[in-house]
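Enquirer: structure for the following, please:
(2 chains)
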Amino acid sequence: MKKHLLRAGLGIAAATLLAPMLAACGSNEPTLVVYNAQHEQLLKEIAPEFTKETGIKVELRNGQDLTLSNQIVQEGKASPADVFLTENSPAMSQVEAAGLFDKLPASLVAPIPAPYRPRSDLWTGFVARSTTLVYNTDQVKPTDLPASILDLAKPAWKGRIAFSPTGADFQAIVAAMIDLKGEAAAKAWLEGLKANGKVYDGNNLVLEAVNSGQVQVGIVYHYYWERDRKENGDVSDHSAQYYFKGGDPGAFVSVSGAGILKSSDMKDEARKFIAFLVGEKGQQILADSYALEYPLNPKVQLEGVQMKFSELQPPNVNVSDLDAKKVVDLMTAVGFL
Amino acid sequence: MGAAPALVLLGLAIAALTLVPLGYVLWTTADLGAGQAADFLWRPRIGELLWNTVRLLVAGVLLSVVVGVAGAWVIERTDLPGRGWWHGLMCAPLAVPAFVNGWGWVSTTHAVQSFPGAVMVVALSYFPLVYLPTVAALRRLDPAVEEVATALGKGPWQVFLRVTLPAISPAVLGGALLVGLHLLAEYGALQLLNYPTLTTAILQQYATVFNGPSATLLALVLVVFCLLLLGLELLLRGRRQRARVGAGASREIPPVRLGRRTPAVLLALVLLTVWSLGVPVAALVRWLVRGTSTGIDLGELAGAGSNTLLFAVLGGLTATAAAVPVVWLAVRHRSWITTAIERSVYTASAMPGIVIALALVTVSIRVVPSLYQTLALLIAGYLILFLPRAVVSVRSTFELVPPGLEEVARSLGCSGPEVARRVTLPLVVPGLAAAASLVALAVSTELTATLLLAPIGTDTLATKFWSDASSVEYGAAAPYALALIVLSVPSTWLLARLSTRSR
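Expert: Alright, predicted model coming up:
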């Protein structure tokens, strides 16, 4: 008797376990596969709206910029991905260099201003984030903050800086530094930072370290701090953000990219997705979301943050010139990797 | 008595699968010339990583062994009040993933972002891996031997050091080996503790370069560590026969009286519990209450939860099923080839999940594209990752089954398969169940391999926790971590029960 009960129980348990899998396998509708290195929650807000408008289902595969870009390169023509989205542009350049992107039609690149997309039209930017210096308000006076991000490599800042050299965010800043100041200057800057700073693995950890007073200042992107203000303020209540000005490399604005894979068998649907992403409606959803990144379509503005997009004073960098390989070689030579 | 060729072939096939990651590492490393490899490895950065890894390994294993063995002895052999409860509490840290524990500590005090802090947090997460086999071995031990030693005039310490410890040493060593292998592959906790090791560096290499050669060079160094660890364990284990005919007397041993030392021992156990369980659980509850992003999406939670459960069950069953022939060959048909099969299984366990995942991604894309991004490939990844755990657990059970019993059954006319079914299996079923739950537990908290191998759009509780926690959504991450803990409780409970079941 007991045995029968046990068997029945096991059967039910197995059925319960398998049901969601079978349900997932059962649908034959074509689904757009998006390799997403952007924040997952952001796409979870946009994708359903896109599906509602077009009837096209979207599946997300989430990961980090260079993990996914390298995965796409490995997969080559066999890649199941239709669309690739990143947080920073060097990963897009890598897939572009591998010749795996399909050229975007003019109508898809038109909504985004030229500085925020490559000259090749093989992909486009869709949101942007600004470099900032977050500082502990108990330990640092705003007047003591440096005029340029280059100053942080000076001995005066020894033991006072936190940053996350292993993240795609910081690496994009390094790419801009190489583009603006040349490799030798970028190397000297990195060596100074290495001598002065404390390394964390992730911008959230940098923010936390600065806010808790372990380190006085940290190099991050603007939205980590802004987001925590909106969340509960636990890791931002003893800190503030400082924006570099006048085209300083520290005012670098990094672009999140979107592109369509050549190997995709759903290019029409993928184009609709990109059109939605850069169009007014999609950009408005981005602006209203928790993400707090800057929409790049000039018709939409991000409100409720310290700096409006138009108030930023970024250096003049074209995304086509940001070279992921140079960055990695340089950071390996300096000993961060 | 030779092994059936079919069984050896099966063993070889399992070994071949587990050697895929090593093959990948060697193959991609070979892409670099010797000069380039030397240039990459001979850098201050690599020296720093090696030093960090070695000292964490030594201190973490030692601390886990001390806590695990001391706890097992106190709970199993003394008149401590509430021994059953304490046993449960000593096993319970297994239900808290190391990276949740790490986050709990980091969000409580930043003092743990240091070498002593890292040692403490990993030891708090992994000491049950020593405690469990030690408790089981103590309980199974025939007290007569210890009584004889006592009768011969040895004091309690001498009895423990010269009789008990040698007798339970295979269990302790097996546990220490597991802890060591875990420490070599640990990523999540150490990243949160900001303590760079070879493994976190490999993940950084993959996250930034992914190009294989330089990252797999580091993986190769890690594999060398693993082989050293395995060799050391083999050396210490020796070739002594431990099986005996006759179960020994299954009677209660008069417990050692703690007397006035009781409050001190109780205090130590309370502190251990607060440290290993109280801190992470309190931190999670705190985030749950304080975060404003805690609007829980029950649908997503349920989806991730059922995925986790499914993967855990499939992974546990597959790994245990694969462990049985491997152990059977190694224990019953000992030869160089069966030992090689058993040992080859371990190589993958010192490689971080992401290396195994990447090996499977690369190999499947190039060789069997139809397998890529399927459930089968994910389960294969879990199999390679966690087979060592199943093998250690299954092996310690099989070793206690005296071959004499099977020989008697055969002489009484039982055929080979019937001997297995009627004699061996009933004796080893508890061990198999323990192996399956140990693997299921590990699968349900696995992070890095799951991120790469899970079919598109498939989230588990661990990946959801990580993606929220790493984007400063601590409040949103908390429900997943709690669900993960709740889900891990049954198999932890099962392990706790099995390890102390009297024969």
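Enquirer: next up, the contacts around A:H238.
Expert: A:136-138, A:211-213 (C-beta atoms under 8 Å, 6 or more residues apart in numbering or on different chains). Every residue, glycine included, has its C-beta placed from N, CA and C.
Enquirer: spatially nearest residue to it, not counting backbone neighbours?
Expert: Setting aside the residues directly before and after it, A:H238 is nearest to A:N211 in space (C-beta to C-beta, 6 or more residues apart in numbering or on different chains), at 5.1 Å.
Enquirer: can you tell me the closest non-neighbouring residue to B:W287?
Expert: B:A478 (4.3 Å).
Enquirer: what strand or helix carries the one you found?
Expert: Here B:A478 sits within helix B:474-499, counting by DSSP states H and E.
Enquirer: quick one: mean pLDDT for that helix?
Expert: Helix B:474-499 comes out with an average pLDDT of 77.
Enquirer: just the helices from chain A, written as ranges.
Expert: A:2-26, A:40-54, A:65-75, A:89-97, A:106-109, A:168-181, A:183-196, A:203-211, A:222-231, A:267-278, A:280-288, A:324-334 (DSSP state H).
Enquirer: and these: which comes nearest B:A322?
Expert: For those, proximity to B:A322 was assessed by C-beta to C-beta; helix A:2-26 is nearest, at 20.0 Å.
Enquirer: quick check: mean pLDDT across the closest one?
Expert: 46.
Enquirer: same question for stretch B:223-234.
Expert: Summarised as a single mean, pLDDT over stretch B:223-234 is 83.
Enquirer: one step back: counting neighbours, which of the contacts of A:H238 comes out on top?
Expert: Among the contacts of A:H238, the one with the most neighbours (other C-beta atoms under 10 Å in any protein chain shown) is A:N211, at 25 neighbours.
Enquirer: give the contact list for that one.
Expert: When contacts are counted by C-beta under 8 Å, 6+ apart, A:N211 touches A:134, A:136, A:235-239.
Enquirer: now do the contacts for B:L329.
Expert: Residues near B:L329 by C-beta under 8 Å, 6+ apart: B:3, B:7-8, B:11, B:338, B:341-342.
Enquirer: who wins on neighbours among those?
Expert: B:G11 (26 neighbours).
Enquirer: just to be sure, that residue is in a helix?
Expert: Yes. Under DSSP: H, G, I helix; E, B strand; the rest coil, B:G11 falls within a helix.
Enquirer: wait, it sits on B:I341?
Expert: Yes. The pair B:G11 and B:I341 qualifies as a contact (C-beta atoms under 8 Å) at a distance of 4.5 Å.
Enquirer: residues in contact with both of these two, list them for me.
Expert: Here B:G11 and B:I341 share the contacting residues B:326, B:329, scored by C-beta under 8 Å, 6+ apart.
Enquirer: low-scoring pLDDT stretches of the stretch 251-400 of chain B, where are they?
Expert: For the stretch 251-400 of chain B, the stretches with pLDDT under 70 are B:251-252, B:291-296, B:349-351.
Enquirer: pull up the gap between whichever residue of it sits closest to chain A and A:V206, please.
Expert: Closest approach between the stretch 251-400 of chain B and chain A, counting by C-beta to the nearest C-beta: B:L310, at 4.5 Å. The gap separating B:L310 from A:V206 is 37 Å, by C-beta to C-beta, to the nearest Å.
Enquirer: who has more neighbours out of those two?
Expert: A:V206 (29 against 22).
Enquirer: which non-adjacent residue is nearest the more buried one?
Expert: A:G218 (4.1 Å).
Enquirer: just give the number of residues close to residue 102.
Expert: Since no chain was named, I'll use chain A. 17.
Enquirer: my question was about chain B
Expert: Neighbour count for B:G102, taken as other C-beta under 10 Å: 29.
Enquirer: now the closest residue to it other than its chain neighbours: how far from B:V106?
Expert: Spatial nearest neighbour of B:G102, excluding adjacent residues (C-beta to C-beta, 6+ apart): B:A189 at 3.4 Å. B:A189 sits 9 Å away from B:V106, going by C-beta to C-beta.
Enquirer: these two: who's more crowded?
Expert: More crowded of B:A189 and B:V106, by other C-beta under 10 Å: B:A189, with 26 against 21.
Enquirer: hmm, the more buried one is touching B:N101, no?
Expert: Yes. B:A189 lies in contact with B:N101 (C-beta under 8 Å); the separation is 6.4 Å.
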